[in-house]
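# Sequence first, predicted coordinates after that:
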Amino acid sequence: FAGVVYDYDQEGVHRAGSGWEQCISIPLVQPDMWELLQQWDNLLEEFSLEEAWLPHRYQEQQHNCFTFALAFVNRVRQGQGQEPLSKAQFTESFLLPHTREASRYLTLHQQLAHRDIYIVPLAEQEQEQ
């Protein structure tokens, strides 16, 4: 994926185009929601400039990057007339399924790597088929 990652810590909101290559990308918008996808960057930029995300408001346990992500998702949901998600609902619906899947792939990769098996990435042409 190409794009910019927003994160929030004790120094405030950061935007980075690199350095997140080892992260898990979790789709939050259905592909058929073209209008929202077009607005997403502007909504996120505006949201990140709000007073709630100033550096002095950061609290490691209660007002952190997770809070930032959940608050943004809930802002988008509100704009669509949907109910907000709780921390537990957000974790169960969006985070856990993807982290479980990533864990399975990492475990498989580690097992294969210790069995003298060489993993070769497919050429671009083969991946498109």
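Structure received. Numbers count the residues shown, from 1 in each chain.

# any weak-confidence spans in this structure?
The chain contains residues with pLDDT under 70 at 1-2, 31, 34, 119, 124-129.

# Let me see the ranges of the helices in it.
With helices called from DSSP state H, the chain shows them at 34-48, 65-79, 87-90, 96-113, 124-128.

# How many neighbouring residues does the nearest residue to T99 once chain neighbours are set aside have?
The spatial neighbour of T99 that comes closest, neighbours along the chain excluded (CB to CB, 6 or more residues apart in numbering), is I24 at 6.7 Å. For glycine as for every other residue, the C-beta is placed from the backbone atoms N, C-alpha and C. Residues lying near I24 (other CB atoms under 10 Å) number 10.

# surely G17 meets V4?
Yes: G17 is in contact with V4 according to CB atoms under 8 Å; the separation is 5.4 Å.

# More neighbours: these two, which one.
Taking other CB under 10 Å, G17 and V4 do not tie; V4 has more neighbours (13 against 9).

# Give me the phi and psi for the more buried one.
Note on V4: its backbone torsions stand at phi -120, psi 140 [degrees, to the nearest 10].

# which residues touch it?
Listed by CB atoms under 8 Å, 6 or more residues apart in numbering, the contact partners of V4 are R15, A16, G17, D41.

# For the residue sitting furthest away from the middle of the chain, give its distance to G79.
Here the chain reaches farthest from its C-alpha mean at D116, the gap being 33.6 Å by CA atoms, centre = their mean. To G79, D116 is 53 Å away according to CB to CB, to the nearest Å.

# Could you pull up the residues touching the closest residue to C65 other than its chain neighbours?
Excluding the flanking residues, the one nearest C65 by CB to CB, 6+ apart is Y8, at 4.8 Å. In this structure, Y8 makes contact with H14, S48, W53, Y58, N64, C65, T67, F68, judged by CB under 8 Å, 6+ apart.

# any idea how far the last one is from E35?
Translated: F68. Counting by CB to CB, the gap from F68 to E35 is 24 Å.

# Of these two, give the one with the bigger neighbour count.
Under the criterion of other CB under 10 Å, the comparison of F68 against E35 puts F68 first, with 20 against 8.
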